[in-house]
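# Structural data only, the sequence is not supplied:
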Ligand SMILES: CCCCCCCC/C=C\CCCCCCCC(=O)SCCNC(=O)CCNC(=O)[C@H](O)C(C)(C)COP(=O)(O)OP(=O)(O)OC[C@H]1O[C@@H](n2cnc3c(N)ncnc32)[C@H](O)[C@@H]1OP(=O)(O)O
Ligand SMILES: CCCCCCCCCCCCCC(=O)OC[C@@H](O)COP(=O)(O)O
């Protein structure tokens, strides 16, 4: 009886293996499917741990989440090479901004995430089952991207609580995923809160995934990701009139760094 099950298991694995060899589309779907499954299953186990250790929604849970997610890269043969970690060591709160290419960014995020740092996310993620629950428990701030006024209100609240709770806030200023090897224009929310709270902006840049990951071409192999934490940009003394300049400056620096890390000549 048990031998029968083993044989069935082996047959299914063999079939999947053959399908993966034959079809890039199947290969890609299975690898991404496995990625989603890891998140789904691991968060189901991590939710009770977070509740037992920290009792509820708090940024302290990020340490637990980080420990789990940092193991995922080994399943996919991904390596991270991080430079400039010392730039996170600023006194007090800060806004961290980084480029956002794909859901694979969650691994890159957890690879470098400093302590006491929450992220801003679209509110739809709150409903992603166990993943939504774990993100909620980690203290993630949810915004409604469809309503600028309500998103701005949440962001203003963030600017206030950042100082009182002494936390850093991680924002993807492109506002959506973009896997083209370039940056989308930046939204200004992150820079508004940096100026309102008079805290530095720390840019983090991940090299382009295009050589090993491209959903349109069903490409998802192993690969190396270079990460650079850039020196903090001070905002002391800046006013809301300076937000556009600050945004542009940050955008230019990050774009140059992205091209340099990805081995693509700047324009
Ligand atoms: C354990 C095992 C398993 C575990 C599994 C766990 C997984 C990992 C766990 C946990 C990590 C979770 C991490 C999740 C990550 C998710 C990523 C996402 O979801 S990315 C999408 C959402 N994020 C954003 O969208 C942010 C960036 N967006 C902004 O900051 C925008 O600015 C926003 C939403 C506030 C407004 O967006 P607008 O589309 O309306 O665009 P605009 O151009 O920026 O604003 C319009 C006008 O309003 C002004 N404005 C904007 N914000 C303002 C403010 N705060 N005060 C005053 N004016 C403001 C601007 O200056 C602009 O005006 P003028 O064009 O300059 O005249
Ligand atoms: C009901 C069961 C669901 C199981 C779901 C597993 C989900 C794993 C997802 C990990 C978190 C991904 C975070 C992320 O990268 O979100 C994308 C947004 O930043 C940008 O959104 P978009 O590009 O504008 O759609």
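Perfect, I can see it now. The structure displayed is predicted, hence computed values, not measured ones. Ligands and ions are numbered 1, 2, ... in the order given.
# and the closest residue to residue 172 other than its chain neighbours, what does it touch?
Residue nearest to residue 172 in three dimensions, not counting chain neighbours: residue 100, with 3.9 Å by Cβ to Cβ, 6 or more residues apart in numbering. To be clear about C-beta, it is placed using only N, CA and C from the backbone, and glycine gets the same treatment. Listed by Cβ atoms under 8 Å, 6 or more residues apart in numbering, the contact set of residue 100 reads 172, 174, 176, 177, 178.
# run the last query once more with 6 Å
Shown in contact with residue 100 (Cβ atoms under 6 Å, 6 or more residues apart in numbering): 172, 174, 177.
# Likewise for residue 180?
Contacts of residue 180 (Cβ under 6 Å, 6+ apart): none.
# picking that back up, for the residue nearest to residue 172, grab phi and psi.
Per-residue torsions, residue 100: phi -130, psi 110 (degrees, to the nearest 10).
# quick one: the strands in the chain?
Secondary structure of the chain (DSSP state E): strands at 78-83, 95-98, 117-122, 141-143, 168-171, 201-206, 213-214, 219-220, 223-229.
# Just say which of those is most tucked in.
strand 95-98 (a mean of 26; mean count of other Cβ atoms under 10 Å).
# That strand close to ligand 1?
No: remark: strand 95-98 sits outside contact range of ligand 1, by Cβ under 6 Å from any ligand atom, the gap being at least 8.8 Å.
# That strand near ligand 2 at all?
No: judged by Cβ under 6 Å from any ligand atom, strand 95-98 stays clear of ligand 2, getting no closer than 11.4 Å.
# got a list of contacts for that strand?
Strand 95-98 has contacts (Cβ under 6 Å, 6+ apart) with 168, 169, 170, 171, 173, 190, 194, 201, 202, 203, 204.
# wouldn't the fifth one be in contact with residue 188 here?
Read that as residue 173. No: counting by Cβ atoms under 6 Å, residue 173 stays clear of residue 188, with 7.9 Å between them.
# Thanks a lot, catch you later.
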